[in-house]
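>>> Need a 3D model of the sequence below.
(one chain, ligands or ions: 1)
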Amino acid sequence: MTVPEFQRHKLTGKKLVVVTAYDALFTRIVEQAGIEAILVGDSLGVVVQGKKDTLTVTMDEMVYHTRLVAGAADQALVIADMPFMSYQVSVEEAVRNAGRLIQAGAAAVKLEGGAPVMDRVHTMTRVGIPVMGHLGMTPQSVNQYGGYKVQGKNGARADALLADAKALESAGAFSLVLEAVPAGLAKSITQTISIPTIGIGAGPHCDGQVLVLYDLLGLFDDFVPKFVKPYAHLKADALQALRRYKEEVECQKFPTDLESYH
Ligand code: KIV
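Next up is the predicted model:
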């Protein structure tokens, strides 16, 4: 999928399906499932690296994981997250870091925030780097929010988010993630702007949906937000398999003649 094809979904009304991936194995599985857009999310800081938030993820780590995903993706649009402090300091640094992710194989980058990042989005778009915005509960601002809390619940904050969404569209963003915002607000943003909105904890009215892969597969259960629906229970399956393996080795049921060379 290309960026223009991704954008065309807004006109056809066909929902956009996005999922995160961080390595080649899962990228191939995601593609086999027919999913056409992959986000190399900085959520990898939590689900892969085991940290409490995404703030410690570095550019080098994002470049590495983007290379793994983009190297394995045949068809899907690969969007790479810009990690904390890779775009906040200056426009110049932001563009250089976005360029590194594109050179690692991503077709587009995603960054968080409203007004403070407009000039970054504008410049990146002008030099040919497609940018996805991210508004609402933006995890890189978790310390400012005092936790992972729903955003845009009161009128003034909702108006500010709508204004940010319009500004991101004008700055050239090709799409926008809306995270943990009331469904009604996500609906009015979706109806107001002409670029696709991708929801996560934003109700059913967005143009598409994104989930963290390990959440939807039931692999990561340290913290499961209300908006996650586990479509499998792979952690439970893995535990069962590993316990059986341990038991069978210990009681000499594995390996048998079947698994032996002669
Ligand atoms: O890092 C990530 O995985 C994300 C999605 C949850 C939107 O930003």
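>>> Show me which residues of this protein are close to the ligand?
20, 39, 41, 42, 43, 81, 177, 179, 200, 210, 212 (CB under 6 Å from any ligand atom). Backbone N, C-alpha and C define where each C-beta goes, glycine included.
>>> confidence score at residue 44?
Residue 44 is assigned 98 on the pLDDT scale.
>>> got a list of what it touches?
20, 22, 57, 61, 65 (CB atoms under 8 Å, 6 or more residues apart in numbering).
>>> I figured residue 234 hits residue 221, correct?
No. Between residue 234 and residue 221 there is no contact under CB atoms under 8 Å: 10.2 Å.
>>> Neighbours of the residue in the chain positioned nearest to the ligand, how many?
Here the chain gets closest to the ligand at one residue, residue 41, 2.2 Å apart by CB to the nearest ligand atom. Residues lying near residue 41 (other CB atoms under 10 Å) number 29.
>>> Residue 54 is in contact with residue 42, correct?
Yes. With contact defined as CB under 8 Å, residue 42 reaches residue 54; the gap is 4.4 Å.
>>> nearest spatial neighbour of residue 56, skipping sequence neighbours?
Leaving aside its chain neighbours, residue 56 sits nearest to residue 45 (5.8 Å; criterion: CB to CB, 6 or more residues apart in numbering).
>>> Tell me if the one you found really is in a strand.
No. Read with DSSP: H, G, I helix; E, B strand; the rest coil, residue 45 is helix and lies in no strand.
>>> and it, what does it touch?
Here residue 45 is in contact with 51, 53, 54, 55, 56, 57, 83 (CB under 8 Å, 6+ apart).
>>> same check, this time on residue 145
137, 151.
>>> How much space separates residue 36 from residue 178?
As defined by CB to CB, to the nearest Å, residue 36 lies at a distance of 20 Å from residue 178.
>>> Kindly report the same for residue 55.
Where residue 178 is concerned, residue 55 sits at a distance of 21 Å (CB to CB).
>>> Compare these two and say which one has the larger neighbour count.
residue 178 (30 against 16).
>>> so the more buried one is in which element?
strand 175-179 (DSSP states H and E).
>>> again with residue 31
Element membership for residue 31 (DSSP H and E) is helix 24-32.
>>> which other residues reach the very next helix or strand once past that helix?
Downstream of helix 24-32, the first helix or strand assigned by DSSP H and E is strand 37-40. For strand 37-40, the surrounding residues in contact (CB under 8 Å, 6+ apart) are 1, 6, 16-22, 27, 30, 62, 65-66, 69-70, 73, 76-81, 106, 110, 208, 210.
>>> centre of the chain versus stretch 24-33, how much separation?
Offset of stretch 24-33 from its chain centre (CA atoms, centre = their mean, to the nearest Å): 15 Å.
>>> Give me the buried stretch members for it, please.
26, 27, 30, 31 (16 or more other CB atoms under 10 Å).
>>> surely the first one meets residue 213?
It refers to residue 26. Yes. At 6.0 Å, residue 26 and residue 213 qualify as touching, with contact defined as CB under 8 Å.
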